[in-house]
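Chemist: give me a 3D structure for the following:
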Amino acid sequence: KAQNGHCIVSRNDGSLGQWVSRQRLLYNKGGLNSDRIQELNSIGFIWDLPEHLYEQSWIRMYQKLKTFHGKHKHSYQTPS
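Modeler: Predicted structure coming up:
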């Protein structure tokens, strides 16, 4: 937040993006404990992304998948 002025982290931002996405998922499923929720709230964590940001991210990732599929002729996810 100090660097960017907000706590909106893209899923594309490597491990931080994946972690943030996981926190939102846990929160929405009721699986995040209240202490962690409070800590994230204290830095202005955004639990629900504005729809336009989600839509932009979805379109960007869909385009990447289409490119991958065109190159590899499949869309399987392989283990990291």
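
Chemist: any weak-confidence spans in this structure?
Modeler: 1-7, 52, 80 (pLDDT under 70).

Chemist: and if we set it to 80?
Modeler: Applying pLDDT under 80 to the chain flags residues 1-13, 49-58, 77-80.

Chemist: distance of the closest residue to residue 21 other than its chain neighbours from residue 49?
Modeler: Spatial nearest neighbour of residue 21, excluding adjacent residues (CB to CB, 6 or more residues apart in numbering): residue 11 at 5.1 Å. In short, each C-beta sits where N, CA and C put it, glycine included. Separation of residue 11 from residue 49 (CB to CB, to the nearest Å) stands at 10 Å.

Chemist: shared neighbours, those two?
Modeler: With contacts taken as CB atoms under 8 Å, 6 or more residues apart in numbering, residue 11 and residue 49 have residue 57 as neighbours in common.

Chemist: contact partners for residue 16?
Modeler: Neighbour list for residue 16: residue 9 [criterion: CB under 8 Å, 6+ apart].

Chemist: got the buried residues for the host helix or strand of it?
Modeler: Here residue 16 sits within helix 14-28, counting by DSSP states H and E. Buried residues in helix 14-28, counted by 16 or more other CB atoms under 10 Å: 20, 23, 24, 27.

Chemist: that older thread, how close does the residue nearest to residue 21 sit to residue 79?
Modeler: Noted for residue 11: a distance of 19 Å to residue 79, by CB to CB.

Chemist: please apply the same query to residue 23.
Modeler: Separation of residue 23 from residue 79 (CB to CB) stands at 23 Å.

Chemist: also residue 49?
Modeler: 28 Å.

Chemist: swap in residue 56?
Modeler: From residue 56 to residue 79 the distance is 29 Å (CB to CB).

Chemist: appreciated, that's everything.
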